[in-house]
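Q: sequence and predicted structure are below.
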Amino acid sequence: MKIDTFAIAMTSQRKSSEVYTKNESLRVWVDEKNKSNSNTEPANILKNLIHLSQKAMCCSKDTSAQEVESPEEVALFDIPEKEKQKIRLIEKILEALTGKHIKIRIPERTAAKKENVDLPSSNEQTFSAQVGQPERQGWGLVCENHESYQETEKISFTAAGIIKTADGENINFETQLNMSRQFITENHISIRAGDGLFVDPLVINYSGMAAELTESKFSFDLDSNGTEDQISFVSSGNGFLAADTNRDGIINNGTELFGPQTGNGFNELAQFDDDNNKWIDESDSIFNKLRIWTKDENGNDNLFALGQVGIGAIYLGNIETDFTIKNQVNESLGQIQKTGIFIKENGIAGTIQQIDLIV
């Protein structure tokens, strides 16, 4: 081919972006039932974030004295180096968050004569765990750090023209080339200490049975902090009382339940008692918007209107009914705090309960 004349036009467009985000949060709470203990105050929690029991401290290695080896010796602590590195990382993160020097005491491997080892008996209340159920500390802390970086680049190239060859042939052409790339990296650090935070939604026991919780966990942002929690769900025959406020057919987070925002689901529900008759019934605008949120055996979500299970009105009165829901190995799944009633259209009464879920 021999080119005689030509006319060519070329264009290109490029777009690029770099986005970096960082979110940090620190939450500290105190169990209402343990406020009398001065060590549960938030300031003391940060000051004494992680500590050992008094007996464990006594078993720590004393560098000012040398132990005499004996065939009767027994090892008390042996923490892997990898775990020590994790503890050092936690120290640095807490120092960055609090601006204070944080030192987590690590018990080192030591030896003591068997006859002198003073370990707590299985009946002692000070021991840190009992039959798989740890003693509650009366306080809790969650520190979250999330960082993300996203980089994108796109370029588009186009060319078009007319070429006339020496033998008189005309060639019309157009070509295009697109290139793109994307890079995303995320890093999330979560530090939890003390007790799990209790968040308490209302549960409708529409089958007549008391509320029960599943041992299997589900991902759901119960406390509406933007991070999904692993929570137990109510068993078959029970469901969370919900209001699908954005009408998308999905319960998106704890803001669409009653209780997680204030800690008192009955009070939250009472805000919708338009005629102030102490009942949520058809006279109240929210009644037909309320839903019962359940899951089937495959974990799929279902939403039922109150009328679909025959509920005609929910009484706003309630009383305390403290009861711990545990599994077969005595681990807490949740705590029933209060119980009230509802009335079905056929005149049969049922129960509604406020349940504290651990997140």
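A: Good, I have the coordinates. Residues are numbered from 1 along each chain as shown.

Q: which secondary element of the protein has the worst mean pLDDT?
A: strand 129-130 (a mean of 40; mean pLDDT, DSSP states H and E).

Q: any figure for the gap between the residue located most distally from the centre of the chain and residue 215?
A: For the chain, the largest distance from the centre (Cα atoms, centre = their mean) belongs to residue 167, which lies 75.0 Å off. Distance of residue 167 to residue 215, given as Cβ to Cβ, to the nearest Å: 83 Å. For glycine as for every other residue, the C-beta is placed from the backbone atoms N, C-alpha and C.

Q: doesn't the residue farthest from the centre of the chain lie inside a helix?
A: No. Judged by DSSP: H, G, I helix; E, B strand; the rest coil, residue 167 forms no part of a helix; its state is coil.

Q: any figure for the gap between it and residue 1?
A: 9 Å.

Q: please apply the same query to residue 253.
A: For residue 253, the distance to residue 1 equals 66 Å [Cβ to Cβ].

Q: comparing those two, which residue is more hemmed in?
A: Taking neighbours as other Cβ atoms under 10 Å, residue 253 and residue 1 compare with residue 253 leading, 17 against 8.

Q: give me the number of residues near the closest residue in space to the more buried one that isn't next to it in sequence?
A: Closest residue to residue 253 apart from its sequence neighbours, by Cβ to Cβ, 6 or more residues apart in numbering: residue 221 at 4.0 Å. By the criterion of other Cβ under 10 Å, residue 221 has 17 neighbours.

Q: looks like residue 221 contacts residue 257 (just checking).
A: No. Counting by Cβ atoms under 8 Å, residue 221 sits too far from residue 257 to count as a contact (10.7 Å).

Q: my read is that residue 273 contacts residue 279, right?
A: Yes. Applying Cβ under 8 Å, one finds residue 273 in contact with residue 279, separated by 7.1 Å.

Q: list residues touching both of those two?
A: By Cβ atoms under 8 Å, 6 or more residues apart in numbering, residue 273 and residue 279 have these common neighbours: residue 316.

Q: can you pull the contacts of residue 191?
A: 90, 93-94, 141-144.

Q: again, only using 6 Å
A: Counting by Cβ atoms under 6 Å, 6 or more residues apart in numbering, residue 191 touches 90, 143.
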